[in-house]
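1. sequence and predicted model, in that order:
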Amino acid sequence: MSTASTEPAGLGRRLGAALYDGLLLLALWFFATLALMPFTGGAIPPGDLRYEAYLVAVGGLFFVYFWSRGGQTLGMRAWRLRLVGPDGRPPRAGRAACRYLLAWLSWGLGGLGILWVLVDRERRAWHDLACGTRVLRLPKGGLSARP
């Protein structure tokens with residue numbers, strides 16, 4: 001894939017894709033929680049750290065799988081975005097996992113890591129800077145969904 005015909009994704013598109021993916025993630029968490037119910041007696045106590053770690057891991061599997069397979073989650077595909085590593089290809093699983101974990105920090109600090117896109121010349125968020133990734137905006141109909 002040539003990145004010459006793409007440009008860095010802006011904040012609006014990133015947030016649009018994040019909203020789509022957030023809805024998908026909620027549904028995924030619902031079914032992941034449902035799968036636990038037979039083992040918990042039908043209830044999970046509030047603040048259960050094992051449960052919260054489980055949900056973070058389920059989310060990680062979702063994002064790392066899609067990012068490392070083709071550089072796009074379903075939300076990113078809808079908003080014509082693609083995640084790439086330094087070589088312009090979808091990141092490998094380790095780099096995608098780095099991005100996923102550090103994205104929690106970017107969002108968790110009041111979204112400051114995400115808002116960094118407005119400051120950075122190449123429109124990178126903190127987790128993109130730390131993990132060597134970029135989110136590119138794809139032209140309409142110009143590039144296929146897969147590299």
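-> Received it, and whenever you're ready, just let me know what you need. Numbering: from 1, shown residues only.
2. report all helices and strands that the host helix or strand of L61 contacts.
-> Under the criterion DSSP states H and E, the helix or strand holding L61 is helix 49-70. The elements that helix 49-70 packs onto, with contact taken as 3 or more CB pairs under 8 Å, 6 or more residues apart in numbering; DSSP states H and E, are helix 11-40, helix 93-108. Backbone N, C-alpha and C define where each C-beta goes, glycine included.
3. in it, what counts as buried?
-> Going by neighbour count (16 or more other CB atoms under 10 Å), the buried part of helix 49-70 is 51, 54, 58-59, 62-64, 66-68, 70.
4. ditto for stretch 111-126
-> 113-114, 116-117, 123-126.
5. quick one: pLDDT of the residue of the chain most remote from its centre?
-> Centroid-distance maximum for the chain: G41 at 32.4 Å, with CA atoms, centre = their mean. You'll see G41 listed with a pLDDT of 84.
6. coming back round to it: strands - which of the buried residues of stretch 111-126 land there?
-> Nothing among the buried residues of stretch 111-126 maps onto strands, per DSSP state E.
7. kindly reformat those as JSON lines containing pLDDT and distance to F31.
-> Converted to JSON lines, the buried residues of stretch 111-126 look like this (pLDDT from 0 to 100; distance: CB to CB, whole Å):
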{"residue": "G113", "pLDDT": "95", "distance to F31": "29"}
{"residue": "I114", "pLDDT": "96", "distance to F31": "27"}
{"residue": "W116", "pLDDT": "97", "distance to F31": "33"}
{"residue": "V117", "pLDDT": "97", "distance to F31": "31"}
{"residue": "R123", "pLDDT": "96", "distance to F31": "34"}
{"residue": "R124", "pLDDT": "97", "distance to F31": "33"}
{"residue": "A125", "pLDDT": "97", "distance to F31": "28"}
{"residue": "W126", "pLDDT": "97", "distance to F31": "30"}
